[in-house]
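please find the sequence and the predicted model below.
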Amino acid sequence: ATGIYAYNLSSTLKITNCNISNNTYSSSNSSYYGAGIYTYNGTVIISNNTVSNNTGYYGGGIYTYSGTVTISNNIISNNIGTYGGGGIYTNYSTITISNNFISNNVSTYGGGGGIYVYSGTVTISGNIISNNIVTGADYYYGGGIYAYYSTVTISNNIISNNAAPSSYIGGLCAYYSTVIISKNSITGNSAKSYSAIQYYYYYYSDNKDFQYNTITSNKATDSSKTLTVYIYSTPVFNYNNIFGNTATYELWNANGASSSHLDAKNNWWGTTVDSGIQDKIYDY
């Protein structure tokens, strides 16, 4: 059964200082979504809890649907989300995820080993998101974070040592989303081939920021055409440190020749030699 189940709340619910662990989903009860905590349509504050060793179908540790939710200062670890969101799965929510330790969570099919965001407005800041994993093959993205059809700000996080060993994106994936990614340390993540660390794709929302991030020591494990950062759009891609990653290319600019230019000035690529920098970048 679900550890805590909250539905259509009429007043603010605060979940604090709890140990929520060892709950397992069943298709016949509420823990089908979010085995640890499930909230639906309300104002919820989740803080200073330990949410661990829960297994949910969508969202192992925490699942939110609609409403306004704050998740802060929690330990969210060793949870399993069968269809995404090992640690946290948010769905149509306005949510702030801050200052949490989100680690060793697993998504077995879907994406978002640490955090899965679907069609919401989300701020993810000041968290340590580490050692989370997506175990499914092929199109299962984001060992650390997967954001889909969402408006997301991802800032001042440590996103490290997350993995998608049989799939594409180790660190974070933003797909069809409006995204700001700034001031993060994105290190030691790994994936199979298409991107060692990020699949960054906000197709319809140009001119958002991708700035002041440090992206290093990430690794792609396939034998050919590997990359660290994939971009299909035109964010302001400035003031990032991108070096020391294991990949064929540090930046893969997927915009076509007729697209607007990608502003990728003032980044550090690990060398001052112009030809060496050009070797690290692919475009049309």
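Yep, that arrived. Numbering: from 1, shown residues only.

pLDDT weak spots in the chain?
Filtered on pLDDT under 70, the chain yields the residue ranges 1, 26-32, 138-140, 194-207.

please enumerate the helices of it.
Here the chain has its helices, by DSSP state H, at 274-279.

mind listing what the most centrally placed residue in it touches?
Per C-alpha atoms, centre = their mean, the C-alpha nearest to the average position across the chain is that of Ile145, at 1.1 Å. With contact set as C-beta atoms under 8 Å, 6 or more residues apart in numbering, Ile145 has these partners: Gly112, Gly114, Ile115, Val117, Ile124, Ile129, Ile154, Ile159, Gly171, Leu172, Cys173. C-betas here are computed from N, CA, C, even on glycine.

one more pass at 6 Å, please.
Gly114, Ile115, Leu172 (C-beta atoms under 6 Å, 6 or more residues apart in numbering).

quick check: it vs Asn241, distance?
According to C-beta to C-beta, to the nearest Å, Ile145 and Asn241 sit 20 Å apart.

what sits against Asn162?
When contacts are taken as C-beta under 6 Å, 6+ apart, Asn162 is in contact with Asn132, Gly143, Gly144, Gly170, Gly171, Asn189.

ugh, typo on my part, it should be Ala164
Val134, Gly143, Gly170, Ala191 are the contacts of Ala164 under C-beta under 6 Å, 6+ apart.

now the last one, nearest residue through space, not along the chain?
Among residues not flanking Ala191 along the chain, Gly170 sits closest, at 3.8 Å (C-beta to C-beta, 6 or more residues apart in numbering).

same check on Gly188?
Leaving aside its chain neighbours, Gly188 sits nearest to Asn161 (4.4 Å; criterion: C-beta to C-beta, 6+ apart).

against Gly171, how distant is the one you found?
Counting by C-beta to C-beta - Asn161 and Gly171 are separated by 9 Å.

looking at the two, which one has more neighbours?
Set side by side, Asn161 and Gly171 show more neighbours around Gly171, with 34 against 22, by other C-beta atoms under 10 Å.

distance of the more buried one from Ser66?
Per C-beta to C-beta, Gly171 is found 28 Å from Ser66.

for Tyr5, same thing?
Going from Tyr5 to Ser66 by C-beta to C-beta gives 15 Å.

tally of neighbours for Ile20?
By other C-beta under 10 Å, the residues close to Ile20 number 24.

partners of it in the sheet?
Val51 (DSSP bridges).

correct me, but it touches Gly36?
Yes: using C-beta atoms under 6 Å, Ile20 is in contact with Gly36, at 4.7 Å.

got any residues that touch both of these two?
Gly3, Val51.

and stretch 142-158, which residues are buried?
In terms of neighbour count (16 or more other C-beta atoms under 10 Å), stretch 142-158 has its buried residues at 142-148, 150-158.

ugh, typo on my part, it should be stretch 216-228
Of the residues in stretch 216-228, Thr216, Ser217, Asn218, Lys219, Ala220, Thr221, Thr226, Leu227, Thr228 count as buried by neighbour count, 16+ other C-beta under 10 Å.

between the residues you listed, which is closest to Thr108?
Distance to Thr108 across the buried residues of stretch 216-228 (C-beta to C-beta) is lowest for Thr221, with 19.5 Å.
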